[in-house]
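S.K.: what's the 3D shape of this:
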Amino acid sequence: MNRTRRTIVATVGGSAGVLAAGTLGASRWASDGPDETAVDGDGAVLELTDDGFETHGNLFEGDARRPPVTFDVVNGRSEPISVTLEADSFRLHATDATTTDDGRLVVGDGSSDRLQPGGRLANVVVELTADAARRGRARTITESLAVTVDGKATTESGPKLTLERSGFVVEDATLALRRVDDIVEHRWTLSRLDTGGVALATLRFDYTDLESSSPRRFDDAESLSATVVVDGTEREAEIERRTADRIDVALAKSLETDDASVELLLAKSESESASSATQPPNGEPGTRSGATLEFVGDGYSGRVKGLWNGS
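M.R.: The predicted model follows:
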């Protein structure tokens, strides 16, 4: 059991416009010794006490975890309370609480839905915000949860959580279409690909919403090839599956990188009648093409929307 005590004294602003959360039921309690109160169960728990809070379980201040992670909040006080939790890099949500637009988790904001003594807010889910996942360069992000009870917040740092920035981050992803004789080329350019410690195994191209008609179809191609180049070196890859609008390209050797430039080329040969069509259109550079690219590996996936390159 990991215990951390803090004193709640400072006052913070209210939470105007927040919807009320549902009423929560009580949980079971057990004695852990003289003047000690413990929470039953093996999961991580943030217990709110009269003189601050205590943490139970190995989630807080422990090893880095891949999000999402969960913990429960328990009212260890003798009076009903309202609770707000927040952290700049984390987004928190729970079935029986309200998550505000800026990512704060609020329960008990009304007079009849406060967390009752012994009450439990179950399964608070913690994830990285999209901005933290995109802009962070370190493999892990550690941040303290700001804990506010009845409008009073901790003067010291709240309990810490360390999350892995697992997932896939790309600074820019652009797409250009062009025709060379009977070949239509789909050229993707990715800058600063970071796999976040995950081994990238498959690339999934989805052209369902591409703003171009026949050049997006892959099922009628006479031949189709895929080329993957990472930092100037071609990597072996093969097309595993294709439909009219989607292609899965598998890497022969999985890729881990924190700052790579990647070029992806899908080359589709067409029949003589089809190849007489006009040059496939590109949109205004920097606007959305409608095509997406999904990165898949180790049970994780992430999608980026391709912008028109225009070149």
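S.K.: who's in contact with Asp194?
M.R.: 137, 168-170, 257-260 (C-beta atoms under 8 Å, 6 or more residues apart in numbering). Bear in mind the C-beta positions are built from the backbone N, C-alpha and C, glycine included.
S.K.: bridging residues for it?
M.R.: Per DSSP bridges, the residues bridged to Asp194 are Val169.
S.K.: Would you mind giving me the confidence score for it?
M.R.: As predicted, Asp194 sits at a pLDDT of 86.
S.K.: what stretches of the chain score poorly on pLDDT?
M.R.: Counting by pLDDT under 70, the chain has low-confidence residues at 1-42, 110-112, 134-137, 154-156, 166, 211-216, 271-281, 310-311.
S.K.: And the helices in the chain, which stretches?
M.R.: Taking DSSP state H as the test, the helices found in the chain are 130-135, 272-275.
S.K.: For Thr99, give me its contacts.
M.R.: Taking C-beta under 8 Å, 6+ apart, we find Thr99 in contact with 91-93, 105-106.
S.K.: So what's the residue count around the closest residue to Arg187 other than its chain neighbours?
M.R.: Sequence neighbours aside, Ala176 is the residue nearest to Arg187 in space, at 4.9 Å (criterion: C-beta to C-beta, 6 or more residues apart in numbering). Using other C-beta atoms under 10 Å, Ala176 is surrounded by 18 other residues.
S.K.: Ala176 touches Trp308, doesn't it?
M.R.: Yes - using C-beta atoms under 8 Å, Ala176 is in contact with Trp308, at 7.3 Å.
S.K.: joint contacts of those two?
M.R.: Overlap of the contact sets of Ala176 and Trp308 (by C-beta under 8 Å, 6+ apart) consists of Asn282.
S.K.: for stretch 296-311, which positions count as buried?
M.R.: For stretch 296-311, burial by neighbour count (16 or more other C-beta atoms under 10 Å) applies to 296-298, 300, 302, 304, 306-309.
S.K.: Same question for stretch 60-69.
M.R.: Buried-residue list, stretch 60-69, by 16+ other C-beta under 10 Å: 60, 64-67, 69.
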